[in-house]
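Engineer: Need the 3D shape of this:
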Amino acid sequence: MGDTISIEEADRMVLEHQGWAESIARSVARAWNMDWRLDGLDGAAMEALIFCTRRFDLNRGIPFRGYARKRIHEASTDAARKSRGW
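Structural biologist: Below you'll find the model as predicted:
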């Protein structure tokens, strides 16, 4: 396993990428015709973002957004499914 980033760096990355993660959640909400905040997609996106910053490995040579986008999108989609009772 490589070197994960420090907690302080992870916290900084969360703040830096919060708007981007929220935009992914809004995109999923639009596709499902939902309210991204009322239906919990915002929380799911932030939880996934935090998870990704804690596990991100600089040594793998993958850009952070490339690493995190799929997980944030999937978490938002799962929240949409749960909100619809699927």
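Engineer: If I follow the layout properly, I5 ends up in contact with F56?
Structural biologist: Yes - between I5 and F56 a contact is recorded at 5.9 Å, counting by CB atoms under 8 Å. Yep, even glycine has a C-beta here, placed from its N, CA and C like the rest.
Engineer: what touches both of those two?
Structural biologist: Common neighbours of I5 and F56 are listed as M13 (criterion: CB atoms under 8 Å, 6 or more residues apart in numbering).
Engineer: list the buried ones in stretch 40-49?
Structural biologist: Buried residues in stretch 40-49, counting neighbours by 16 or more other CB atoms under 10 Å, are found at G40, L41, D42, A44, A45, M46, E47, A48, L49.
Engineer: need those residues in TSV with pLDDT, distance to I24 and secondary structure, can you?
Structural biologist: What follows is the buried residues of stretch 40-49, written out as TSV (pLDDT from 0 to 100; distance: CB to CB, whole Å; DSSP: H, G, I helix; E, B strand; the rest coil):
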residue	pLDDT	distance to I24	secondary structure
G40	88	14	coil
L41	94	9	helix
D42	93	10	helix
A44	96	10	helix
A45	97	6	helix
M46	97	11	helix
E47	97	13	helix
A48	98	9	helix
L49	98	9	helix
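Engineer: For K70, identify the helix or strand it belongs to.
Structural biologist: helix 64-84 (DSSP states H and E).
Engineer: Give the buried residues for that helix.
Structural biologist: Buried residues in helix 64-84, counted by 16+ other CB under 10 Å: 64, 68-69, 71-73, 75-80, 83.
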